[in-house]
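**Q** Sequence and computational prediction follow.
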Amino acid sequence: MSKAENSPVGPNTAGNTPSAASLYLARAVGLHLEGKGGEALLELERALAARDGLGGETLVEIHSAVGFIHFERKEFEKAAEGYRKVLELEPRHPSACYNLALCLQALGQWQLAIDRFNEALAVDPGRNEANLGLGACFLQLGEAREAFEAYERRLRQDPELEEAQLGKAVALQIQKKLPEAAEIYWHILDHNPRSEECLSNAILVAGELKDYAAVKQFAEQLLAIRPGSPAAAEGLATVAFAAGDHEKAAEWCTALVDRAPNCFEGWFNLGIACQTAGHHEKAVAAYSKAFQLRPEEPQLLINLGIAFQDTGDIEHAREAYRKAVRLDPGSTTALWNLGLLLEGQGQAAEAQQVYERLIEQSPDWEEARFRLGYTRLLLADYRGAAEAFEACLSKRNDWLEPRLNTAIAYWKLGELQPAWDSFEKALALQPDCVDGLRGLAAIAIDRNTLEQALELHLKLLERGERTPELLYNAGLLFQKSGEPAKAVPLYEAALSGSPGFAEALINLGIALQALGREDEGRAQWRKAIEANPELAHGYFN
């Protein structure tokens with residue numbers, strides 16, 4: 001062994017000289033401390049380009065720093081790329097996996113973020129904040145049960161952590177476990193009454209629980225913190241709706257849409273408030289705004305159709321209902337409203353088609369079947385009308401209207417006995433039913449049972465019925481029974497209500513002639529010819 005090999009070795013001054021990469025990294029730290037993130041990134045890029053001192057550990061640190069600064073600058077794609085490079089070099093890096101998960105969460109890549117949060121927990125089971133990220137991502141995916149479990153894990157370590165409590169309450173709220181969610185919101189507000197997010201959620205939960213006193217309390221708290229808060233305005237509108245104060249509800253809904261003009265629910269509820277308060281033009285305007293935001297909402301179109309009807313705009317009402325039916329062919333409300341509108345406008349054939357669709361979808365809907373029968377009656381489809389009304393009666397034997405209409409349908413078909421039976425059943429249901437008596441009287445005339453017809457007409461007269469037609473028929477029956485003296489005042493009463501009633505004039509003349517009052521009789525005939533010149537034909541025969 002040589003002497004030199006046994007000599008003591010002094011410090012290696014060359015080994016204490018910082019590498020180029022370290023110098024760049026040091027400058028990057030200094031710049032970042034000065035708030036110069038962009039310049040710090042340039043130094044980190046120079047460090048990555050340097051060959052001197054760029055070992056694995058330093059490279060990991062530089063990529064991690066790149067990710068950190070980009071995340072801080074909300075450049076999440078670039079931040080994620082930095083952390084991915086760290087993980088390529090060191091797959092079980094204690095913080096890179098968690099930080100990458102945060103980047104993915106910020107980018108809205110919920111499932112990828114969940115996978116990374118789980119990896120971060122696998123690498124470092126003590127990194128309990130990863131459960132907060134998991135909970136938030138599960139909520140975004142609508143997986144409330146999984147979110148609840150993640151927040152529960154976080155709360156085991158820190159039971160009073162507000163962020164985890166709030167997330168847990170939201171998860172319960174989504175699962176419709178409203179009392180449990182409310183208890184947590186109330187607890188948070190006891191400790192932090194200025195939590196805006198908690199107040200907003202508490203307003204919603206209290207509304208669903210119909211605890212309107214709590215809604216009012218939380219909404220007013222929120223307004224004190226955040227004047228003009230949409231959530232507070234919506235809450236106070238809910239309170240007003242519940243109290244039946246639709247004017248006040250309209251005021252709060254107006255405040256809501258002023259603050260949040262793209263809030264569909266605000267415009268929709270403003271329409272409801274105005275409509276219920278009788279401000280139909282304003283309701284149309286509000287629903288129209290809501291329609292611009294969400295044109296494919298069937299219930300909105302139904303409400304808009306009703307509002308148009310309230311303003312007398314039948315054409316736009318009909319179009320709104322038709323759009324609602326196109327969007328939701330199974331909407332019985334839209335079909336029903338459309339059918340009634342068409343029927344009311346005299347479009348019986350179209351209304352009939354709508355009612356037929358309703359019956360196909362809801363065979364037990366008795367009112368729809370009744371309207372179907374009625375439109376068939378209007379369209380002279382008497383057999384179809386009778387079938388529809390009989391179907392109504394098979395479900396409700398004591399329903400007067402279809403009983404009467406069944407009788408009319410059979411009468412129009414010339415089937416007098418079934419018609420008579422139906423009118424009698426109507427009278428059994430309601431003994432003072434004038435329509436039933438009138439129907440029996442008409443059938444008695446058709447059957448030429450004069451005595452019975454006269455008896456029925458007299459019953460109608462006793463009940464105060466004084467139409468010209470009824471008076472005329474009663475007079476005609478007396479005349480045919482050989483009692484012209486009793487016929488005359490009835491004809492005269494008919495003519496007082498309808499002076500141009502030609503048949504009454506002619507028969508009054510005949511009755512007067514039979515009583516020996518020839519001049520008076522001829523005077524009535526002259527009036528008849530003046531009222532209807534066609535009666536002159538055949539006079540000389």
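**A** Yep, that arrived.
**Q** Just give the nearest non-adjacent residue to residue 67, would you?
**A** With sequence-adjacent residues excluded and distances taken as CB to CB, 6 or more residues apart in numbering, residue 67 is closest to residue 82, at 3.0 Å. For the C-beta atoms, the positions are set from N, CA and C on the backbone; glycine is no exception.
**Q** so how far is residue 119 from the one you found?
**A** In this view, residue 82 and residue 119 are 17 Å apart by CB to CB, to the nearest Å.
**Q** Look at the two and report which has more neighbours.
**A** With neighbours defined as other CB atoms under 10 Å, residue 82 and residue 119 compare such that residue 82 has more, 25 against 18.
**Q** Could you give me the buried positions within whatever helix or strand the more buried one lives in?
**A** Taking DSSP states H and E as the definition, one finds residue 82 inside helix 76-89. Residues of helix 76-89 classed as buried: 76, 79-83, 85-87 (neighbour count, 16 or more other CB atoms under 10 Å).
**Q** could you dump the residues you listed to CSV with pLDDT and distance to residue 181?
**A** As requested, the buried residues of helix 76-89 are arranged in CSV below (pLDDT from 0 to 100; distance: CB to CB, whole Å):
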residue, pLDDT, distance to residue 181
76, 97, 31
79, 96, 34
80, 97, 33
81, 96, 39
82, 95, 39
83, 96, 35
85, 94, 42
86, 95, 39
87, 95, 37
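**Q** out of the residues you listed, who's nearest residue 326?
**A** Nearest to residue 326 among the buried residues of helix 76-89: residue 76, at 42.0 Å, using CB to CB.
**Q** was I right about residue 110 contacting residue 135?
**A** No. Judged on CB atoms under 8 Å, residue 110 makes no contact with residue 135 at a distance of 11.5 Å.
**Q** And the two? Which one has more around it.
**A** residue 135 (29 against 18).
**Q** For the more buried one, give its distance to residue 188.
**A** As judged by CB to CB, residue 135 and residue 188 stand 15 Å apart.
**Q** same thing with residue 328?
**A** For residue 328 relative to residue 188 (CB to CB), the value is 40 Å.
**Q** Mind checking which of those two has more residues around it?
**A** With neighbours defined as other CB under 10 Å, residue 328 and residue 188 compare such that residue 188 has more, 21 against 18.
**Q** and the spatially closest residue to residue 457 that is not a sequence neighbour, what does it touch?
**A** Counting by CB to CB, 6+ apart, the nearest residue to residue 457 once its immediate chain neighbours are dropped is residue 474, at 4.2 Å. Contact analysis of residue 474 by CB atoms under 8 Å, 6 or more residues apart in numbering lists 454, 457-458, 461, 490.
**Q** ok, of the residues you listed, which one's closest to residue 198?
**A** For the contacts of residue 474, the minimum distance to residue 198 (CB to CB) is 75.8 Å, reached by residue 461.
**Q** any idea how far the nearest residue to that closest one once chain neighbours are set aside lies from residue 427?
**A** Among residues not flanking residue 461 along the chain, residue 474 sits closest, at 6.3 Å (CB to CB, 6+ apart). Distance from residue 474 to residue 427, counting by CB to CB: 19 Å.
**Q** From residue 458, how far out is residue 474?
**A** Here the criterion is CB to CB. By it, residue 474 lies 7 Å from residue 458.
**Q** helix/strand/coil for residue 466?
**A** Classification of residue 466 by DSSP: H, G, I helix; E, B strand; the rest coil places it in coil.
**Q** which SS class is residue 419?
**A** helix.
**Q** so what's it up against?
**A** Residue 419 is in contact with 407-411, 439, 443, counting by CB under 8 Å, 6+ apart.
**Q** Can you show me the helices along the stretch 201-350 of the chain?
**A** Using DSSP state H, counting those that start in this stretch, the helices of the stretch 201-350 of the chain run over residues 212-225, 230-242, 246-259, 264-276, 280-293, 298-310, 314-327, 332-344, 348-361.
**Q** need the buried residues of helix 76-89 in TSV with distance to residue 262, can you?
**A** Output for those, formatted as TSV (distance: CB to CB, whole Å):
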residue	distance to residue 262
76	26
79	31
80	31
81	34
82	36
83	35
85	40
86	41
87	40
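**Q** of those, closest to residue 470?
**A** residue 76 (86.1 Å).
**Q** The closest residue to residue 202 other than its chain neighbours: neighbouring residues, count only.
**A** If the residues on either side of it in the chain are set aside, residue 202 comes closest to residue 185, at 4.1 Å by CB to CB, 6+ apart. A count of neighbours around residue 185, defined by other CB under 10 Å, yields 28.
**Q** okay but residue 185 is in contact with residue 197, surely?
**A** No. When contacts are counted by CB under 8 Å, residue 185 is not listed as touching residue 197 (9.9 Å).
**Q** how about residue 413, what does it touch?
**A** 382-383, 386.
**Q** again, only this time at 6 Å
**A** The contact partners of residue 413, by CB atoms under 6 Å, 6 or more residues apart in numbering, come to residue 382.
**Q** What pLDDT is listed against it?
**A** Predicted confidence (pLDDT) at residue 413: the value is 97.
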